[in-house]
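Asker: sequence unknown, structure follows:
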């Protein structure tokens, strides 16, 4: 996938293109449905398939006090879009200039001028341009004179739920630690990626060595607690079953920031320091609690490892 970070980077001979526009935060099941429609529309008309998105949530500029945490980082968003097989993504810098641009200028300068758009795909609630004055209705109104059609994509619902798929819902689920439902809404596993760094080595002292992820990771971290999941080592390509801890270790009360730690099952001598890894959350086992003494903590950690192993063996057999 080609990534353009400014309309001026798009070659003059690029296009025609079918374009889907949105924040695409999380690249969830709803976004994936849009991208599948985009690819179908592009294939039917012989156009390039292009996602147009932004380098931040517009609220970060317009109403920072209301701006939620991103489900994924910008780089992760681009990687996820690339995995879906589209031709290109135009990543727009949402700054004062873009925020003040009229809907008509957005259409003429970006969609028509840079991308030579033939089809535009948006959701029914999509807004663009200064003060959100641009709507799907305006796109339909201007489409014929600008040479493009408009395809408004319906909301997507998870089977058995009456709530539409959204990044807001995913944040709520992750805040509750419900990684199982969040994975269904995302249309992919809940995971975070980072580098394994040195920690306090307390897990090793207790007989449960962990791979500690750096503070810089690429996605929204689920609620504090213990999870069954997987550790994918990108340096070796090996995927290990793991019991995962998220939190500040309240039993010892000496960890100042939330940590993601993964204890690889049955691999106590594994050296992962400096490795690039993805920690994937399969199911939450329990919340994070403070134990009265080391013995009680070790008994619970043993039980957590057994519970994680039972869940992961079942998942592997399905």
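Answerer: Looks like it arrived, so ask away. Just so we're clear, the structure is a prediction, and the values are computed from it rather than from any experiment.
Asker: can we go C-alpha only for contacts and neighbour counts from here?
Answerer: Noted.
Asker: for the longest helix that the chain contains, buried residues please.
Answerer: Longest helix in the chain by number of residues (criterion: DSSP state H): helix 294-317. Neighbour-count burial for helix 294-317, counted by 16 or more other C-alpha atoms under 10 Å, picks out 297-298, 301, 304-305, 308-309, 311-312.
Asker: reformat those residues as JSON lines; add distance to residue 271 and pLDDT.
Answerer: Shown next, in JSON lines, are those (distance: C-alpha to C-alpha, whole Å; pLDDT from 0 to 100):
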{"residue": "297", "distance to residue 271": "24", "pLDDT": "82"}
{"residue": "298", "distance to residue 271": "22", "pLDDT": "82"}
{"residue": "301", "distance to residue 271": "21", "pLDDT": "88"}
{"residue": "304", "distance to residue 271": "22", "pLDDT": "93"}
{"residue": "305", "distance to residue 271": "19", "pLDDT": "93"}
{"residue": "308", "distance to residue 271": "21", "pLDDT": "94"}
{"residue": "309", "distance to residue 271": "21", "pLDDT": "94"}
{"residue": "311", "distance to residue 271": "25", "pLDDT": "93"}
{"residue": "312", "distance to residue 271": "22", "pLDDT": "93"}
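Asker: among these, which one lies nearest to residue 231?
Answerer: residue 312 (11.9 Å; C-alpha to C-alpha).
Asker: tell me which of the buried residues of helix 294-317 is nearest to residue 12?
Answerer: Comparing the buried residues of helix 294-317 against residue 12 with C-alpha to C-alpha places residue 312 closest, at 51.0 Å.
Asker: distance of that closest one from residue 49?
Answerer: 38 Å (C-alpha to C-alpha, to the nearest Å).
Asker: ok, residue 43 next?
Answerer: On the measure of C-alpha to C-alpha, residue 43 and residue 49 end up 8 Å apart.
Asker: neighbour count for the two, which is higher?
Answerer: Ranked by neighbour count (other C-alpha atoms under 10 Å), residue 43 and residue 49 place residue 49 first, with 28 against 13.
Asker: OK, contacts around that one?
Answerer: When contacts are counted by C-alpha atoms under 8 Å, 6 or more residues apart in numbering, residue 49 touches 17-19, 38-39, 42, 86-88.
Asker: just send these back as CSV, with neighbour count, pLDDT and secondary structure too.
Answerer: Converted to CSV, the contacts of residue 49 look like this (neighbours: other C-alpha atoms under 10 Å; pLDDT from 0 to 100; DSSP: H, G, I helix; E, B strand; the rest coil):
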residue, neighbour count, pLDDT, secondary structure
17, 28, 97, strand
18, 30, 97, strand
19, 31, 97, strand
38, 28, 96, helix
39, 21, 96, helix
42, 22, 95, helix
86, 19, 97, coil
87, 18, 97, coil
88, 21, 98, strand
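Asker: so how far is the first residue of stretch 247-262 from its last?
Answerer: End-to-end for stretch 247-262, by C-alpha to C-alpha: 12 Å.
Asker: then stretch 6-17?
Answerer: First-to-last residue span, stretch 6-17, C-alpha to C-alpha: 16 Å.
Asker: wait, a strand at residue 143?
Answerer: No: secondary structure of residue 143 (DSSP: H, G, I helix; E, B strand; the rest coil): helix, not part of a strand.
Asker: does it really touch residue 149, like I thought?
Answerer: Yes: Residue 143 sits in contact with residue 149 when judged by C-alpha atoms under 8 Å, with a separation of 5.6 Å.
Asker: what are the ranges of the helices in the chain?
Answerer: 29-45, 59-62, 74-83, 96-100, 103-105, 136-146, 167-176, 179-186, 202-205, 294-317.
Asker: give me the contacts around the second one.
Answerer: Residues from elsewhere that reach helix 59-62 (C-alpha under 8 Å, 6+ apart): 66-67, 94-96.
Asker: what are the buried residues along it?
Answerer: Going through helix 59-62 with 16+ other C-alpha under 10 Å, nothing comes out buried.
Asker: what mean pLDDT does that helix have?
Answerer: For helix 59-62, the per-residue pLDDT values average out at 92.
Asker: go ahead and measure how far it is from the middle of the chain.
Answerer: 19 Å (C-alpha atoms, centre = their mean, to the nearest Å).
Asker: give me the distance from stretch 268-280 to the chain's centre.
Answerer: Per C-alpha atoms, centre = their mean, the centroid offset for stretch 268-280 relative to its chain is 21 Å.
Asker: what is the end-to-end distance of that stretch?
Answerer: Termini of stretch 268-280 sit 19 Å apart (C-alpha to C-alpha).
Asker: now what about it, what contacts it?
Answerer: 189-198, 207-209, 211, 229-235, 262.
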